[in-house]
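next comes the sequence, and after it the predicted model I'd like to discuss.
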Amino acid sequence: MIITKTPLRISFTGGGTDICDYYKHGHGAVVSVTIDKYIYITVNKKFDDSIRVSYSKTEIVNNVEDLQHDIVRECLKMVGIKNGIEITSIADVPAGTGLGSSSAFTVGLLNALFTYTGYTPSATELAEKACEIEIDILKGPIGKQDQYAAAFGGINYFQFNKDETVDRHKIVLSASDQKKMNRKLMMFYTGITRSANSILSEQKKETNLKLEALNFMCAQAKKMETSLIEDGFTESIAKELHDGWEKKKSITSTISTGPINDLYETAIKAGALGGKLLGAGGGGFLLFYCDEEKQQNVRDAINKWELDFNVSLYGSRVVYFE
């Protein structure tokens, strides 16, 4: 039996510039951090030659091609496993909430399956192969940031180049700045789940029309990397989050809604200094930078379920092998 543990992520800025329709013009860039909320994948040899996959439902098939779960099907095919295996998954946070769970699932599953075959992939290999499955094979209208964040873990600046290479700059914060990041950031669930694919499909259509906003967010990622390295985690991050969110909302009307805008404004009036909606948009989690003395005011004002989290510095790992 093999169990992998793969982190979810928060994207601070640059989301949307990791899509080929944008970075084919030059490069895209994202600053993100993984958190201590995970996707757990269990892989075990089955006693017979069938394939059993358990997620929100259970599939039992004799042929890998008969699997309805497209990511599981393509991961098995990529690794070369045809039968006799059982796969289960558990998530700390539900899908469709803007934390990169789909790509974390893909990365974690590939990590488990490769380990099952006796091969230990690098973080770069995991990210590249996850992108190949989700973007090239399954034609998802998504970017590359989630796969790389899940594979590498920690705080990173990722640059997505037009030749399809990806540069990773690891951002190392002091212990005090990491603690500050854990203390100052708050995350609230809007109560709305959505498919990122529909929103990103709309964004892909708008890419050429919204280059100014995307260029701003791409440049902002580099600016934030420099700020984090030189100054640490300071209050300036709050303004960067807010400015990036205002630009992102301008890309397409599906990214934000009236209720989400109202929640955001309520939190700002209650004392949050800046924030954004995580993920492609439309729902999921709102992230805020807020000083500790104002946090209870924000909780009371928006009255939404809060996710308690901390920064996680590790990417996808095998945590059990027997």
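The structure has been received and is ready for your questions.

need the nearest residue in space to D48, chain neighbours excluded.
Nearest residue to D48 in three dimensions, chain neighbours excluded: G84, at 6.9 Å (CB to CB, 6 or more residues apart in numbering). All C-beta spots, glycine's among them, are computed from the backbone N, C-alpha and C.

could you list the low-pLDDT ranges of the stretch 201-322 of the chain?
Within the stretch 201-322 of the chain, the ranges that satisfy pLDDT under 70 run 201-209, 252-254, 280-282.

try it again at 50.
For the stretch 201-322 of the chain, applying pLDDT under 50 flags the ranges 203.

now the strands for it?
Assigned strands in the stretch 201-322 of the chain, in chain order: 274-277, 285-289, 317-321 (criterion: DSSP state E, counting those that start in this stretch).

for those strands, give me JSON lines that also has mean neighbour count and distance to G96.
Output for those, formatted as JSON lines (neighbours: other CB atoms under 10 Å; distance: least, CB to CB, whole Å):
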{"stretch": "strand 274-277", "mean neighbour count": "25", "distance to G96": "13"}
{"stretch": "strand 285-289", "mean neighbour count": "24", "distance to G96": "11"}
{"stretch": "strand 317-321", "mean neighbour count": "13", "distance to G96": "25"}
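
can you put those strands in TSV and add distance to K249?
Shown next, in TSV, are the strands of the stretch 201-322 of the chain (distance: least, CB to CB, whole Å):
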stretch	distance to K249
strand 274-277	9
strand 285-289	13
strand 317-321	36
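
what's stretch 80-94 in contact with?
8, 37-46, 48-55, 62-64, 72, 76, 99, 101, 105, 108-109, 112-113, 116-117, 193, 307 (CB atoms under 8 Å, 6 or more residues apart in numbering).

doesn't E134 make contact with I142?
Yes: counting by CB atoms under 8 Å, I142 does reach E134; the two are 6.1 Å apart.

overlap in contacts, the two.
Joint contacts of I142 and E134 (CB under 8 Å, 6+ apart) are 102-103.

any idea how far D300 lies from K269?
12 Å (CB to CB, to the nearest Å).

tell me the domain boundaries of this structure?
The chain breaks down by automatic domain parsing into domains covering 2-173+312-321, 175-302.

distance from the last one to the middle of the chain?
Here domain 175-302 shows a centroid-to-chain-centroid distance of 14 Å under the convention CA atoms, centre = their mean, to the nearest Å.

now do the contacts for A149.
A149 touches 7, 9, 11, 32-34, 100, 103, 156, 158, 315, counting by CB under 8 Å, 6+ apart.

give the buried residues for the longest strand anywhere in the chain.
Assignment by DSSP state E gives strand 27-45 as the longest strand of the chain. Using 16 or more other CB atoms under 10 Å as the test for burial, strand 27-45 gives 27-35, 37-44.

which other helices and strands does that strand contact?
strand 2-13, strand 85-91, helix 101-116, helix 145-152, strand 155-161, helix 211-231 (3 or more CB pairs under 8 Å, 6 or more residues apart in numbering; DSSP states H and E).
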